[in-house]
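Chemist: Here is a sequence together with a model predicted from it:
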Amino acid sequence: MCDRKVELISVDKLKPIEGHGKKRLKWLLSKILNENVWLSPLLVEKNHNLVLDGHHRLEVARLLGLKKVPVVLFAYDDVKLWSLRKNHVVNRQIVIEKANKGELFPYKTVKHGFPNHKRECSYSLRSLRDD
């Protein structure tokens, strides 16, 4: 079980805000398949279902055909937000607008800080495949 309230949300409802790295995706896919368990929830903005942290995990879920994934929901006002790239301006409104249009920021652009959250849980892959 996870340390905070975790919900299982349909993969199809989640909206990424930035891209992902192919090497990291390959590594994470292999790790999750070898362990046959999901150990970390995605961190999601609760009003728009934006993935704030966990883009690689979202892609792994899609590749594995998972129906749902564990998430912890946050109000965007409770999350710190900044850019890792000087040439990209980010704020909550810009992130929400771009995500709702399906326009992704480049990988490693948008960074979020979360209040008092440990990232641990345990779900079998089988339980996430079932409807």
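Modeler: Cool, the structure landed. Numbers count the residues shown, from 1 in each chain.
Chemist: Would you list the phi and psi of residue 10?
Modeler: Torsion angles at residue 10 (phi, psi; degrees, to the nearest 10) stand at phi -60, psi 130.
Chemist: So which residues of this structure form strands?
Modeler: Taking DSSP state E as the criterion, the chain carries its strands at 7-10, 15-16, 37-38, 42-45, 50-53, 68-74, 80-83, 110-113, 123-124.
Chemist: closest to residue 59 out of these?
Modeler: Checking the strands of the chain against residue 59 by Cβ to Cβ gives strand 15-16 as the closest, at 8.2 Å. C-beta: built from backbone N, CA, C; applies to glycine.
Chemist: And for the closest residue to residue 115 other than its chain neighbours, the neighbour number?
Modeler: Counting by Cβ to Cβ, 6 or more residues apart in numbering, residue 115 lies nearest to residue 78, which is 5.8 Å off, once chain neighbours are set aside. Look at residue 78: counted by other Cβ atoms under 10 Å, it has 10 neighbours.
Chemist: rewinding a little: can you put the strands of the chain in CSV and add mean neighbour count and mean pLDDT?
Modeler: CSV is the format used below for these (neighbours: other Cβ atoms under 10 Å; pLDDT from 0 to 100):
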stretch, mean neighbour count, mean pLDDT
strand 7-10, 14, 95
strand 15-16, 18, 97
strand 37-38, 18, 94
strand 42-45, 23, 96
strand 50-53, 22, 97
strand 68-74, 23, 95
strand 80-83, 13, 95
strand 110-113, 17, 94
strand 123-124, 16, 94
